[in-house]
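**Student:** Task: produce atomic coordinates for the following.
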Amino acid sequence: MPSQSRVVPGRGAPAVGHEVYRLGAPVVVWWIWVAFALANVVDLAVQRTPVHTELVIDAIVLLVTGFAYALALRPRVIADQTGVTIVNPFRDHRVPWAVIQGVDAGDWVKVHHTRDGSPVTAVDAPGKAIECWALYLSARTKRKEARPGPPRPRSGLFSGIGVPGLPESDGMSRLPAEARYLASLPPARAIAATLDTRAEKERAQARKAGSARDDPGPSPSPTPATARWAWFPLAAIAIPALALLIALLT
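**Tutor:** Numbering: from 1, shown residues only. You can find the predicted model right below:
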């Protein structure tokens with residue numbers, strides 16, 4: 001059974017096995033809204049609000065709760081031994097490691113994969129990108145990155161890495177170069193770098209295992225990326241919306 005680990009901020013190297021990546025702020029927003037919604041429902045019951053008014057307000061609260069669940073609590077990225085599952089508000093994507101061309105971060109973390117499910121080779125096949133709703137760069141982070149900063153000299157892949165404008169602490173200086181590099185990045189970029197590195201390692205291991213097989217025949221083709229609708233978050237929004245419409249029309 002794969003080991004279980006939950007990575008929220010995206011700092012540091014991943015553990016082996018099953019990992020869940022998400023940012024903390026949307027989860028905090030979700031629980032703040034839940035507390036606010038429960039307080040309002042209790043307040044309506046205590047004040048003995050007219051039934052029709054209470055039904056309208058309850059439907060609005062449930063509708064907003066459905067949106068908060070779909071947009072804040074549900075999104076995540078799950079990495080396991082066979083690939084990456086991208087859980088977006090209303091769609092779930094499954095991308096095997098063998099077809100991932102790369103992972104990078106713009107406004108959102110994007111997973112690039114071959115369009116037809118062909119394995120990644122030296123000659124890149126036509127591909128497409130999936131945006132990870134759970135992993136984004138905040139406006140504050142983008143403004144910070146846009147500011148000019150002092151150049152950081154590098155003599156190697158991970159040398160000269162540090163947080164711009166801040167002295168390196170003793171603890172930071174003792175970390176491996178790759179860990180210091182990830183720690184210097186915003187969380188979304190650190191997660192993108194972690195997933196990209198893991199995809200390269202998984203593809204290399206798959207090629208090594210294929211070359212070591214006794215069977216000289218061709219390796220089986222990898223499973224292409226798949227996507228499916230998530231009906232629960234859709235229902236969590238559609239049902240309260242319908243209830244609100246009925247309440248307003250009656």
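
**Student:** Every contact and neighbour count from this point should use C-alpha atoms.
**Tutor:** OK.

**Student:** count of neighbours near the nearest residue to G106 once chain neighbours are set aside?
**Tutor:** Nearest in space to G106, with sequence neighbours left out and distances taken as CA to CA, 6 or more residues apart in numbering, is L137 at 7.4 Å. Neighbours of L137 under the rule other CA atoms under 10 Å: 16.

**Student:** List the residues that contact L137.
**Tutor:** By CA atoms under 8 Å, 6 or more residues apart in numbering, the residues touching L137 are 105-108, 186, 188-189.

**Student:** And R74, by the same measure?
**Tutor:** Per CA under 8 Å, 6+ apart, neighbours of R74: 87-89.

**Student:** sorry, back to before: by neighbour count, which of the contacts of L137 wins?
**Tutor:** For the contacts of L137, neighbours tallied by other CA under 10 Å; top is A188, 28 neighbours.

**Student:** wait, doesn't that one sit right on S138?
**Tutor:** No - in this structure A188 lies outside contact range of S138 using CA atoms under 8 Å: 9.2 Å.

**Student:** I'd like the distance between the closest residue to A190 other than its chain neighbours and D104.
**Tutor:** Distance criterion CA to CA, 6+ apart; nearest residue to A190, sequence neighbours excluded, is L182 at 5.1 Å. Applying CA to CA, to the nearest Å, the value for L182 to D104 is 13 Å.

**Student:** shaky segments in this protein?
**Tutor:** By pLDDT under 70, the low-scoring segments of the chain are 1-17, 117, 119, 121-126, 149-176, 178, 210-222.

**Student:** Give me the distance from the helix or strand encompassing R143 to the chain's centre.
**Tutor:** Assigned by DSSP states H and E, R143 belongs to helix 139-146. On the basis of CA atoms, centre = their mean, to the nearest Å, helix 139-146 sits 19 Å off its chain's mean C-alpha point.

**Student:** And for stretch 37-57?
**Tutor:** 36 Å.

**Student:** Check stretch 225-238 too.
**Tutor:** For stretch 225-238 - counting by CA atoms, centre = their mean - the centre lies 17 Å from the chain centre.

**Student:** Okay, strands next: where are they in the chain?
**Tutor:** With strands called from DSSP state E, the chain shows them at 4-7, 18-21, 76-79, 83-87, 91-96, 100-105, 108-114, 127-136, 226-229.

**Student:** Rebuild the ones you listed as a markdown table, extending it with distance to R207.
**Tutor:** Below are the strands of the chain laid out as a markdown table (distance: least, CA to CA, whole Å):
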| stretch | distance to R207 |
| --- | --- |
| strand 4-7 | 26 |
| strand 18-21 | 22 |
| strand 76-79 | 19 |
| strand 83-87 | 15 |
| strand 91-96 | 14 |
| strand 100-105 | 14 |
| strand 108-114 | 17 |
| strand 127-136 | 20 |
| strand 226-229 | 22 |
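
**Student:** for the ones you listed, which one sits closest to V29?
**Tutor:** strand 127-136 (13.2 Å; CA to CA).

**Student:** one step back: and which of the contacts of R74 is nearest to F36?
**Tutor:** For the contacts of R74, the nearest to F36 is P89 (21.8 Å; CA to CA).

**Student:** Just give me the neighbour total for the closest residue to the closest one other than its chain neighbours.
**Tutor:** Of all residues not flanking P89 in the chain, A70 sits nearest, at 4.7 Å (CA to CA, 6+ apart). Per other CA under 10 Å, the neighbour tally for A70 reads 21.

**Student:** Assess the claim that A70 and D92 are in contact.
**Tutor:** No - using CA under 8 Å, A70 makes no contact with D92, being 12.0 Å away.

**Student:** show me the residues around G102 that make contact.
**Tutor:** 111-113, 196, 199.

**Student:** about what we covered before: now the residue nearest to G106: how far from R147?
**Tutor:** In terms of CA to CA, L137 sits 15 Å off from R147.
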